[in-house]
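Here is the input, now give the coordinates:
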Amino acid sequence: MWFFYDYWYIVLVMPAVLFSIFASIKVNTTFKKYSKVRSSRGITGAEAARRVLDANGLYSVKIERVRGDLTDHYDPRNNTIYLSETVYDNPSAAAIGVASHEAGHAVQHAVGYVPIKIRAAIIPATRFGSMLAFPLILLGLFLEASGMIYLAYLGVACFGLSTLFQLVTLPTEFNASRRALESIESCGILARDEISSARKVLSAAAMTYVAALAVSLMQLLRLLLIVAGNSRKD
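Residues are numbered from 1 along each chain as shown. A predicted model of the protein is given here:
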């Protein structure tokens, strides 16, 4: 039985992992490129996020600085947008795009955007499933001669929750970027010829979520093929 070093990992998962590495490099290089170009209107990332929030009536959402590089995120539990050190005070199109994207997530929560509600609802099940997935698969394969292969299939199903989470994340991130770009234009945060720079940064960031979904899908397929292959041998 091949489990960690197997044919399906090389054929299915490895290409997705390489794509994920490429996407990670792409988003970092794209952000660094456009974060060095100051926008003509001199609006910082934090100021841009504030404008997007206020334009949508979200005056109570706070904006705070957080350590790290591209560690930006919105926390609905305390209604706060956390902007990284490379974004908060940065008056570039890259920083404005990232900050406005996080403001877009705040808007999603405020308007009850369905995919983000689904994502929030399945987080506990996803965490629980990720803890059980591989132990169940290993146990089911070990006890397959005793007719316990169903445990392995249950483990695959548990792993599938992570894939579902990645699937729901994709429209959530794309929608947040769309809201960000629309707000950047409607609020006059960037000049028209600078919006394309913000769009390139957000497109590169979106690629990382596509890559994460691809890795999860291929891993799910790999696990299913391994379990099914052992079932047929019986």
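
Helices of the protein, residue ranges please.
7-8, 14-35, 45-55, 85-88, 93-111, 114-142, 149-186, 192-233 (DSSP state H).

Identify the residue nearest the geometric centre of the chain.
Residue closest to the average C-alpha location in the chain (Cα atoms, centre = their mean): residue 209, at 4.5 Å.

Would you check how far apart that one and residue 154 are?
27 Å (Cβ to Cβ, to the nearest Å). C-betas here are computed from N, CA, C, even on glycine.

before we move on, what about residue 166?
20 Å.

got a list of contacts for the least confident helix or strand in the chain by mean pLDDT?
Sorting the helices and strands of the chain by mean pLDDT, DSSP states H and E puts helix 7-8 at the bottom, at a mean of 84. Defining contact as Cβ atoms under 8 Å, 6 or more residues apart in numbering, one finds that helix 7-8 is touched by 2, 221-222, 225-226.

Turn the residues you listed into a markdown table, columns for neighbour count, distance to residue 83 and pLDDT.
Shown next, in a markdown table, are those (neighbours: other Cβ atoms under 10 Å; distance: Cβ to Cβ, whole Å; pLDDT from 0 to 100):
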| residue | neighbour count | distance to residue 83 | pLDDT |
| --- | --- | --- | --- |
| 2 | 10 | 45 | 44 |
| 221 | 15 | 37 | 95 |
| 222 | 22 | 37 | 94 |
| 225 | 16 | 43 | 91 |
| 226 | 21 | 42 | 89 |
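
out of the residues you listed, what pair is the most spread apart?
2 and 221 (15.0 Å; Cβ to Cβ).

which residues touch residue 38?
So residue 38 contacts 91-92 (Cβ under 8 Å, 6+ apart).

how close does residue 162 sit to residue 224?
Taking Cβ to Cβ, one finds residue 162 at 14 Å from residue 224.

So between the two, which is more surrounded?
residue 162 (20 against 17; other Cβ atoms under 10 Å).

can you tell me the distance between the two ends of stretch 134-151?
10 Å (Cα to Cα, to the nearest Å).

picking that back up, right, and the helices of the chain - which one's nearest residue 67?
So among the helices of the chain, helix 85-88 is nearest, using Cβ to Cβ, at 6.3 Å.

Excluding residues flanking it in the chain, which one is nearest residue 125?
Leaving aside its chain neighbours, residue 125 sits nearest to residue 161 (5.5 Å; criterion: Cβ to Cβ, 6 or more residues apart in numbering).

Could you report the separation of the one you found from residue 115?
16 Å.

what does residue 68 give?
26 Å.

before we move on, back to that, ignoring the adjacent residues along the chain, who's closest to the residue nearest to the centre of the chain?
residue 173 (4.9 Å).

mind checking how far that neighbour is from residue 200?
Distance from residue 173 to residue 200, by Cβ to Cβ: 16 Å.

contact partners of stretch 179-196?
39-41, 43, 48, 51-52, 55-56, 93, 96-97, 100-101, 103-104, 107-108, 197-199, 202.

Drop anything exposed from those.
39, 43, 48, 51-52, 56, 93, 96-97, 100-101, 103-104, 107-108, 197-199, 202 (16 or more other Cβ atoms under 10 Å).

Does residue 48 touch residue 100 like I think?
Yes. Here residue 48 lies in contact with residue 100, judged by Cβ atoms under 8 Å, at a distance of 5.3 Å.

which residue packs closest to residue 96, ignoring adjacent ones?
residue 48 (4.2 Å).
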